[in-house]
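Novice: Okay, sequence plus prediction incoming.
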Amino acid sequence: IKITGWIGRFFNLQVDNSVYNEAFNHIRELEPERALLYMIMVVLICLTMLIVWIFPYIFGGILFAVSVSKRVKILEKQRIDKEEEVTRQRNLLLSDVAHDIKTPITTIAGFSQALSEGRGEPEKEQEYLDAIKAKSMQTVDMVTLLFEYVKLDSEGYKLQKSTEDICEIFRNSVANLYTDFEEKDMELDIDIPDEAVTIRADKKELKRAITNLITNTYKHNPSGINVLVKLHQYANNVSELIIADSGNPIPKDMNIFEPFVTENEARSIGGGTGLGLAITKRIIDEHKAKICIREDIPQYTKAFVVTFYDA
């Protein structure tokens, strides 16, 4: 009876104590067997009340535990899949770099051995030396690109941002490569504002990205094409950098911003490892900007468009 009273008070049931006293006196007058039966019934009622009260919490706890367990399994699978993908990409990168470096090194080794053993014709020695030099520089360029790509992908790497004039960076990048356009008889249309357009950027890395895009234009297109380099600033602090050309179109199903798309595709578009545009994409992403390829600019077959949102 006392337990029943405690439970009643726990559930905020307002019952006069005289009720419990009367019930207690009534039980005392009963036979022991009936009193025991009453006690068992009260205990069962109390247990039933407790179970009804705590059941939602037990059920909720079970559901929560099952949900957490499923979520942990999903996260663990995602972690494993991500690690496997990183490993696959790393192995692919090393394999393709080894393939690209093997060709110039083989040439260097062959010509060097011929010169060392005196098997080359004297009048061709300078030709061999020029080939060795060219292939050596090609190898250095590949290793440099690989280093830059790995550096941008390394944990803890951060851009050194400051307030920079993107017009000046763009203008200097074009000026440094102007003679290359002249050598290929390309018509260069430059539309860059004279007034400053400032953004928060890492000047060195952003210039590298812009230079890669411009270099891609004159290296991987035929001579005599038209090239547009333009920077437009919108009223909502958005600036758009455009590098367009009338040269070869890019296949629709090719993502040229990925390193080593396929061996043939990388060679046909990039003429090398294909790391240049991959590095450019990383740098642009680190600046919280966006890069895309458009084909809707009149008189041009394609255009690299970089959009900055904090100009």
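Specialist: That came through, no problem.
Novice: how about the strands in this protein?
Specialist: For the chain, applying DSSP state E gives strands covering 162-165, 187-191, 198-201, 226-233, 239-245, 290-294, 302-308.
Novice: Throw the ones you listed into JSON lines and include mean neighbour count and distance to residue 103, thanks.
Specialist: No exception for glycine: its C-beta is placed from N, CA and C like everyone else's. Putting those into JSON lines (neighbours: other CB atoms under 10 Å; distance: least, CB to CB, whole Å) gives the following:
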{"stretch": "strand 162-165", "mean neighbour count": "14", "distance to residue 103": "39"}
{"stretch": "strand 187-191", "mean neighbour count": "13", "distance to residue 103": "33"}
{"stretch": "strand 198-201", "mean neighbour count": "19", "distance to residue 103": "36"}
{"stretch": "strand 226-233", "mean neighbour count": "19", "distance to residue 103": "30"}
{"stretch": "strand 239-245", "mean neighbour count": "22", "distance to residue 103": "28"}
{"stretch": "strand 290-294", "mean neighbour count": "14", "distance to residue 103": "29"}
{"stretch": "strand 302-308", "mean neighbour count": "20", "distance to residue 103": "28"}
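Novice: closest to residue 77 out of the ones you listed?
Specialist: Closest approach to residue 77 among these is made by strand 290-294 (30.5 Å; CB to CB).
Novice: partner strands of the closest one, parallel or antiparallel?
Specialist: Applying DSSP bridges, strand 290-294 is found paired with strand 302-308 (antiparallel).
Novice: residues making contact with the partner strand?
Specialist: Contacts with strand 302-308, where a contact means CB atoms under 8 Å, 6 or more residues apart in numbering, come from 166, 199, 209-210, 213, 216, 228, 238-245, 247, 249-250, 284, 287, 289-295, 297.
Novice: What of stretch 195-211?
Specialist: The set of residues external to stretch 195-211 that reach it, using CB under 8 Å, 6+ apart, is 148, 159-170, 172-173, 176-177, 231, 233, 239, 241, 279-280, 283-284, 286-287, 306, 308, 310-311.
Novice: now with 6 Å?
Specialist: Under the contact criterion CB atoms under 6 Å, 6 or more residues apart in numbering, stretch 195-211 has outside partners 159-161, 163-167, 169, 173, 233, 239, 280, 283-284, 287, 308, 310-311.
Novice: same question, stretch 225-239
Specialist: Stretch 225-239 has contacts (CB under 6 Å, 6+ apart) with 167, 170, 174, 186-192, 197, 217, 240-247, 308-309, 311.
Novice: same thing but 7 Å
Specialist: For stretch 225-239, the surrounding residues in contact (CB atoms under 7 Å, 6 or more residues apart in numbering) are 166-167, 170, 174, 181, 186-193, 197, 217, 240-247, 299-300, 307-311.
Novice: May I have the distance across that stretch, first residue to last?
Specialist: Across its full length, stretch 225-239 reaches 26 Å end to end, with CA to CA, to the nearest Å as the criterion.
Novice: where exactly do the helices run in this protein?
Specialist: When assigned using DSSP state H, the helices of the chain occupy the ranges 2-10, 17-29, 32-116, 125-153, 166-176, 178-183, 203-219, 263-270, 275-286.
Novice: Looking at those, which one is packed in the most?
Specialist: Mean neighbours per residue, mean count of other CB atoms under 10 Å, is largest over the helices of the chain for helix 275-286, with a mean of 22.
Novice: Output the contacting helices and strands for it.
Specialist: Helix 275-286 is packed against helix 125-153, helix 203-219, with contacts defined by 3 or more CB pairs under 7 Å, 6 or more residues apart in numbering; DSSP states H and E.
Novice: How far off centre is it?
Specialist: Using CA atoms, centre = their mean, to the nearest Å, the mean C-alpha position of helix 275-286 is found 11 Å from that of the whole chain.
Novice: can you pull the contacts of the closest residue to residue 221 other than its chain neighbours?
Specialist: Spatially, and ignoring its direct neighbours in sequence, residue 221 is nearest to residue 247 (2.9 Å; CB to CB, 6 or more residues apart in numbering). Residue 247 is in contact with 221, 222, 225, 301, counting by CB under 7 Å, 6+ apart.
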